[in-house]
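1. here is the input, now give the coordinates:
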Amino acid sequence: MHIQFVGYITLADNSVVLRLPSGYNSLSAMVKKEILVLTEPGQLLRQAIQTEKPLQIVGTIHAYAARLAEASGHKALYLSGAGVANSRLALPDLAMTSLDDVVTEVTKITQASTLPLLVDADTGWGSPLNIRRTFSMLSKAGAAGAHIEDQTEAKRCGHRSGKKLVSTESMVGKIKAALDGRNSDSFMVMARTDAFAVEGLQGALERARTYEAAGADAIFVEALDSLDHYLQFTRALTIPVLANITEFGKTPLFSRESLAKVGVSMILYPLSAFRAMNQAALKVYEAILQQGTQQSVIPLMQTRDELYQYLQYENYEKELDEYNQLMEREDANN
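-> The predicted model follows:
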């Protein structure tokens, strides 16, 4: 029997933290010997980018969503800044979250899933020193990479009007600080530019080239509106380009096949599942209030057995029984 679990190690303060799946302790010694391939999160992300072509990265607003995404076969996860603001705090995406808000969710997600997690670091939460600290904390929390953007600190959603940008020189400083903050060279520092909506195509291309020269590992070009524009970026750059295919925004919902043809390396779906969850929840709340029962919306629901399956409930229950039996034997001996 051969089982392979892709885990990873986190190096911090000369310590090694090894994350294992629930139920690992119940496996036989023979299986345990075959179960681990130790890889840093950033290496997992980079490997997925190389093999998937393009890599689809799905948004997960909490740890359980990450578990669902992994079980469905996806290879990489994303934590959206808007998702943290909207789902955890019921706030709009207007720079009202803190670094601690995001790090808390990163820690939960990376403990629940073995997939590499890309994180939205917004504008970095302050000065270059704060940005360095931001990327240090995100990498320590288990993220595989993070993107930082060239909007001013009073940022807007990338698909809204009224965006303002920092200078190219300031963004270069942000990138340098982010690179200095990461705990491993494999941690991906991605530069996001919102310049297309503010400075036009040529301005965005010039910024992207400069960000690559500054050391960015990848480029996130926000709110492009044609495949030809993506093609111009992939031809102008030697590093991977990410396309943000978010619903109800300025970018059409291009297919994976069409984006592959223009050389895009990563496709992001930041809030797709979150929006579906919200719509389903509204239907359930309305049905209970209006019909006096949830019977009509049962088909929208995950069953108890399905929930337990994704939570690995039986594994935990077995471990609990083993601990209880051990404690009972200890009590009997005393």
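2. how about the helices in the stretch 1-150 of the chain?
-> Assigned by DSSP state H, counting those that start in this stretch, the stretch 1-150 of the chain shows helices spanning 29-34, 41-52, 63-71, 81-83, 89, 99-112, 128-140.
3. hmm, who's touching the helix or strand hosting Gln202?
-> Here Gln202, judged by DSSP states H and E, is contained in helix 195-213. Helix 195-213 is contacted from outside by 150, 161, 163-165, 168, 171-172, 175, 191, 193, 219, 221-224, 229, 232-233, 236-239, 250, using C-beta atoms under 8 Å, 6 or more residues apart in numbering. To be clear about C-beta, it is placed using only N, CA and C from the backbone, and glycine gets the same treatment.
4. hang on, the earlier thing: can you say which of the helices of the stretch 1-150 of the chain is packed in most?
-> Ranked by mean neighbour count under mean count of other C-beta atoms under 10 Å, the helices of the stretch 1-150 of the chain are led by helix 81-83, which reaches a mean of 22.
5. list the helices and strands the following helix or strand past that helix packs on?
-> Under the assignment DSSP H and E, the closest C-terminal helix or strand after helix 81-83 is helix 89. The contact analysis (3 or more C-beta pairs under 8 Å, 6 or more residues apart in numbering; DSSP states H and E) places helix 89 against no helix or strand.
6. which stretches of the stretch 201-334 of the chain form strands?
-> Here the stretch 201-334 of the chain has its strands, by DSSP state E, counting those that start in this stretch, at 218-221, 241-244, 266-269.
7. and Gly42, what is it in contact with?
-> So Gly42 contacts 116, 139, 144-145, 184-188 (C-beta under 8 Å, 6+ apart).
8. so how far is stretch 315-327 off the chain centroid?
-> 33 Å (C-alpha atoms, centre = their mean, to the nearest Å).
9. buried set for stretch 297-313?
-> Val297 (16 or more other C-beta atoms under 10 Å).
10. equivalent analysis for stretch 85-100, please.
-> For stretch 85-100, by 16+ other C-beta under 10 Å, it's 85-87, 93, 95, 97, 99.
11. pLDDT added to the contacts of Gly42, as TSV?
-> Putting these into TSV (pLDDT from 0 to 100) gives the following:
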residue	pLDDT
Pro116	98
Ser139	97
Ala144	98
Gly145	99
Ser184	95
Asp185	95
Ser186	96
Phe187	98
Met188	98
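12. quick check: PyMOL command selecting the buried ones in those.
-> To isolate the buried ones among the contacts of Gly42 in PyMOL, judged by 16+ other C-beta under 10 Å, type:
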select buried, resi 116+139+144+145+186+187+188
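13. now, which of the contacts of Gly42 sits nearest Ile298?
-> Pro116 (35.4 Å; C-beta to C-beta).
14. ok, that closest one - contacts?
-> 41-42, 44-45, 48, 75-77, 144-145.
15. could you dump those to JSON lines with distance to Phe254?
-> Formatted as JSON lines, the contacts of Pro116 follow (distance: C-beta to C-beta, whole Å):
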{"residue": "Pro41", "distance to Phe254": "28"}
{"residue": "Gly42", "distance to Phe254": "27"}
{"residue": "Leu44", "distance to Phe254": "26"}
{"residue": "Leu45", "distance to Phe254": "22"}
{"residue": "Ala48", "distance to Phe254": "20"}
{"residue": "Lys75", "distance to Phe254": "19"}
{"residue": "Ala76", "distance to Phe254": "18"}
{"residue": "Leu77", "distance to Phe254": "21"}
{"residue": "Ala144", "distance to Phe254": "24"}
{"residue": "Gly145", "distance to Phe254": "23"}
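16. now tabulate the buried residues of stretch 85-100 in JSON lines and tack on pLDDT and distance to Ala63.
-> Output for those, formatted as JSON lines (pLDDT from 0 to 100; distance: C-beta to C-beta, whole Å):
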{"residue": "Ala85", "pLDDT": "96", "distance to Ala63": "17"}
{"residue": "Asn86", "pLDDT": "96", "distance to Ala63": "17"}
{"residue": "Ser87", "pLDDT": "96", "distance to Ala63": "12"}
{"residue": "Asp93", "pLDDT": "90", "distance to Ala63": "21"}
{"residue": "Ala95", "pLDDT": "88", "distance to Ala63": "24"}
{"residue": "Thr97", "pLDDT": "95", "distance to Ala63": "18"}
{"residue": "Leu99", "pLDDT": "97", "distance to Ala63": "19"}
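17. from the residues you listed, which single one is nearest Val284?
-> Nearest to Val284 out of the buried residues of stretch 85-100 is Ser87 (C-beta to C-beta; 16.7 Å).
18. okay, now the residue nearest to the closest one when sequence neighbours are not counted: neighbour count?
-> Distance criterion C-beta to C-beta, 6 or more residues apart in numbering; nearest residue to Ser87, sequence neighbours excluded, is Ile61 at 4.4 Å. As a burial measure, Ile61 scores 24 neighbours (other C-beta atoms under 10 Å).
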